Each structure stands twice: as structure tokens, then as C-alpha cells.
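Novice: Following is a predicted model, sequence given first.
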Amino acid sequence: DSGVTQTPKHLITATGQRVTLRCSPRSGDLSVYWYQQSLDQGLQFLIQYYNGEERAKGNILERFSAQQFPDLHSELNLSSLELGDSALYFCASSSREEGTQETQYFGPGTRLLVL
Amino acid sequence: GQNIDQPTEMTATEGAIVQINCTYQTSGFNGLFWYQQHAGEAPTFLSYNVLDGLEEKGRFSSFLSRSKGYSYLLLKELQMKDSASYLCAVRPVGTDKLIFGTGTRLQVFP
């Protein structure tokens, strides 16, 4: 158990819908990262938040957005869902501060199926 | 940009040693990571290299050569539970994100 929690574990929805995935980082970790893992592409970085502020963006679609709240939990919002959005969505956290080296620890993931 | 290459699949026998290679082309990075991922589960951290050389952690070791753009993960005394995907990732300079290779699926046979 990494200490990172994600809900829900599974999500089935229809095209065009909107869903919210939730992540709670390890106690004390300030950084939260979101990754998407689909069968044909491997783990792809989407976005990072550090202490409530957006820190870095990867290949995140405009239909997707995220935020990190004062209690440091994070939500990833996926809207206008398409079949191709079906994937495993992982959240990771680290205590990364400037000038330090820190490992990312992954949550159990949310499996999204868009029908 | 970054380009990370790993073999897609490997097989090995219980009790044996296996080496999983990772080559990368990157303009600069600040650490190379290895993760293990069982099917449908979260990646779990195995090892981290930032300097050239070998890092040993029990049955698992990881090696890095920055000048050659090359790393490997060495698994000794293989067990059936080591059947999983092994992901190589780099952290580009100036960022915290990880760029992952597509992973190597290892199957251990009795």
C-alpha cells in the first residue's frame, strides 16, 4: 500500500458524459501527478499540482482539467468523454521540494470504461 | 524530447537471472527510475539512479551509464511473483514529471 488513495476504483459511463476522479496523496506529500495508461500507449503524464498550484502540463486534452484543494487532495475532471478515453488513470504523489530528489508513489488507479 | 526504448516481452525461468535493458535519448534528465507493475495494478517503485553505476537492493539491481544513454534492471533468483511489467522512466531536467517507456512484460516459468 503506497498511501495514495483513489476513488472510484471502477467507472463505467457513456460517450459525451463527464466524470470526476479523486485522489488523496500520501500524508505530507505536496505534489500530485495524474497519469493515463491505455493499452497501446503506456503511462502518459497528464498534469502536476504542487501545493495547490499547477506546476506542469503534459499531453492533457482540453476536455480534461484538474485541481488541487487546500487539503491537498486532487480531482481530475474528464468531460465530453469519447471511447478513446477508456483507460486506467493513476494519481501519484511525492514530497518533492525544490532541489530535492523524490520518488513518486502511485495510487491503485481508476479504471474508466466509456461505452 | 525524450525517447525511451525497452524490449516488449521477455521470458525467464524460476531461479534464473534476467536483465531488462532500457535505452533513452534525452536532452537531459535528473534521475532514472524503474517501476514494477502487475497487470491492472499500480506501478510500484523499485530503484532510482542519478549517477553512473550500480545500485543494489536485495534481488534487484539497477545500472546507469549516462554517457551511453543506457540502463538495465537485473533481477536475481527469479520467483513466479516477479512476472510483471517493468517500466523504465526518466525525469527531465527542470521538471518533476516522469516520462515512461512502454514497459517490458516479463513472464517467469517454473
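Specialist: Cool, the structure landed.
Novice: OK, contacts around A:P8?
Specialist: If you count contacts by Cβ atoms under 8 Å, 6 or more residues apart in numbering or on different chains, A:P8 has them with A:21-22, A:110. Every C-beta, even on glycine, is put in place using the N, C-alpha and C of the backbone.
Novice: From those residues, pick the one nearest B:K81.
Specialist: Top of the list for closeness to B:K81, among the contacts of A:P8 and by Cβ to Cβ, is A:T110 at 25.0 Å.
Novice: Next, report how far whichever helix or strand A:I47 is part of is displaced from the centre of its chain.
Specialist: Here A:I47 is covered by strand A:42-50, with elements defined by DSSP states H and E. The chain centre lies 7 Å from the centre of strand A:42-50; the measure is Cα atoms, centre = their mean, to the nearest Å.
Novice: Please tell me how far A:D71 sits from chain B.
Specialist: Going from A:D71 to chain B by Cβ to the nearest Cβ, to the nearest Å gives 21 Å.
Novice: Per-residue pLDDT of that residue, please?
Specialist: Reading off the per-residue confidence, A:D71 sits at a pLDDT of 95.
Novice: Could you look up the SS state of it?
Specialist: coil (DSSP: H, G, I helix; E, B strand; the rest coil).
Novice: What count of nearby residues applies to A:Y50?
Specialist: Using other Cβ atoms under 10 Å in any protein chain shown, A:Y50 is surrounded by 20 other residues.
Novice: Correct me if wrong: it contacts A:Y33.
Specialist: No: taking contact to mean Cβ atoms under 8 Å, the distance of 9.7 Å between A:Y50 and A:Y33 leaves them out of contact.
Novice: Get me the contact residues on chain A for chain B.
Specialist: If contact is defined as Cβ under 8 Å from any Cβ of the partner chain, the residues of chain A in contact with chain B are A:2, A:4, A:31, A:33, A:41-45, A:48, A:50, A:55-56, A:58, A:88, A:90, A:94, A:96, A:101, A:103-109, A:111.
Novice: repeat that for 7 Å
Specialist: Contact residues (Cβ under 7 Å from any Cβ of the partner chain) of chain A with chain B: A:2, A:31, A:33, A:42-43, A:45, A:48, A:55-56, A:58, A:90, A:96, A:101, A:103-109.
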